[in-house]
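In: everything below, folded, please.
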Amino acid sequence: MSSKFLTYEKSGVSIKKADKFIKFISSSTKKSKKSVDFKNIGGFGALTKLPNKMKNPFLVTSTDGVGTKIEVANQLNKFDTIGIDLVAMCVNDLIVQGAKPLLFLDYISIEKINLKKLKNIIKGIIKGCKLADCELVGGETAEMPGTYSKGKFDIAGFSVGLVERDKILINKIKEKDLVVAIPSSGLHSNGFSLVRHIIKKKKINLQKNFFLRRELLEPTKIYVMHVLELINRKYLNGCANITGGGLEENIKRIIPKNFCAEINLEKIRTLNIFKWLKNKGISEKEMLNTFNCGVGFCLIIKPDKYKKIIKFFPRKFKPYIIGRITKDTKKVKFSGKISW
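Out: Model prediction:
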């Protein structure tokens with residue numbers, strides 16, 4: 001008799017599958033909860049206890065996505081790292097202000113709930129939160145038939161951090177400070193529309209290309225724990241997350257008026273994936289404007305702090321000097337060329 005009536009499920013939305021997914025998230029995050037004893041996942045809102053040791057705290061917020069990297073994940077049917085990317089894109093922005101990430105929320109919109117796919121995405125988000133020492137406190141999963149084509153989805157993240165007023169990294173950069181590069185883990189989550197255009201134009205079969213399968217879904221490096229150690233020791237005068245827009249556009253955002261970051265491109269230690277892209281017909285200018293080219297994060301420090309900071313990083317992500325701060329009206333200047 002009920003078959004005569006219209007239902008939400010007949011329109012393409014399964015509440016039962018959504019409930020199963022919420023229960024999976026709740027059970028997966030239970031061990032990592034540290035802020036409150038209340039139920040957050042599945043509730044109407046998330047409760048988080050503020051640290052009581054802070055004297056003059058400021059909230060810092062960030063929201064971001066992973067762009068068309070999700071299309072590569074779909075193409076390779078691999079979803080266990082894209083959640084790490086999502087967390088990284090948000091929390092790496094928080095630490096630029098000196099903030100420690102406190103909580104994270106996700107938004108997943110999908111054509112039709114695929115529990116296996118969604119569970120892998122969430123596992124990545126949980127791992128990313130662990131790497132950033134923050135808590136996944138909630139989110140939203142929207143099943144949207146008719147909006148996305150079959151198998152398509154999108155994800156977005158939102159993070160909140162806290163910073164003491166005296167640790168906010170604003171207006172501390174001085175002349176003769178060093179510009180120090182922390183290596184990236186690869187492409188991170190930027191420039192994938194251009195990457196996919198090249199793959200399509202060159203008719204490259206991703207399934208048969210081991211190098212690209214490995215490199216394209218390498219998760220974005222989360223710099224939180226290393227950088228926060230330096231912030232707590234007051235070793236930093238500034239820092240920049242090198243995302244869309246490359247070195248120039250991201251570094252200029254933190255350089256004060258009448259100062260300039262002079263960067264020697266010959267110092268940059270680029271990675272094989274960027275050499276591969278450059279050899280596919282991309283100009284150096286376009287490479288610098290689109291990709292991190294091997295520099296995932298930049299630190300601005302006093303010269304006498306350099307030897308102190310490098311000991312906080314593993315060999316693969318050991319910082320190195322690429323430039324210095326001078327007096328100038330142009331905020332970023334490049335010299336030399338990257339060795340491709």
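In: got the buried residues for the helix or strand harbouring residue 136?
Out: According to DSSP states H and E, residue 136 maps onto strand 135-143. The neighbour-count check on strand 135-143 (16 or more other Cβ atoms under 10 Å) flags 135, 136, 137, 138, 139, 141, 143 as buried. For the C-beta atoms, the positions are set from N, CA and C on the backbone; glycine is no exception.
In: endpoints of stretch 185-199, how far apart?
Out: End-to-end distance for stretch 185-199, by Cα to Cα, to the nearest Å: 21 Å.
In: in it, what's buried?
Out: The neighbour-count check on stretch 185-199 (16+ other Cβ under 10 Å) flags 185, 186, 187, 188, 189, 190, 191, 192, 194, 195, 196, 199 as buried.
In: wait, the second one touches residue 212, no?
Out: No: taking Cβ atoms under 8 Å as the definition, residue 186 is not a contact partner of residue 212, at 11.0 Å.
In: and the longest helix along the chain, how far out from the chain middle?
Out: For the chain, the longest helix by residue count, based on DSSP state H, is helix 115-132. Centroid displacement of helix 115-132 relative to its chain, using Cα atoms, centre = their mean, to the nearest Å, is 14 Å.
In: against which helices or strands is it packed?
Out: With contacts defined as 3 or more Cβ pairs under 8 Å, 6 or more residues apart in numbering; DSSP states H and E, helix 115-132 has these neighbours: helix 15-29, helix 82-94, strand 100-110, strand 135-143, strand 153-164, helix 224-232.
In: one more time with 6 Å
Out: Judged by 3 or more Cβ pairs under 6 Å, 6 or more residues apart in numbering; DSSP states H and E, helix 115-132 is in contact with helix 15-29, helix 82-94, strand 100-110.
In: given the last one, what are its sheet partners and their directions?
Out: The strands that strand 100-110 pairs with in its sheet are strand 135-143 (parallel), strand 153-164 (antiparallel) (by DSSP bridges).
In: how much space separates residue 195 from residue 337?
Out: 22 Å (Cβ to Cβ, to the nearest Å).
In: err, residue 192, not the other one
Out: On the measure of Cβ to Cβ, residue 192 and residue 337 end up 25 Å apart.
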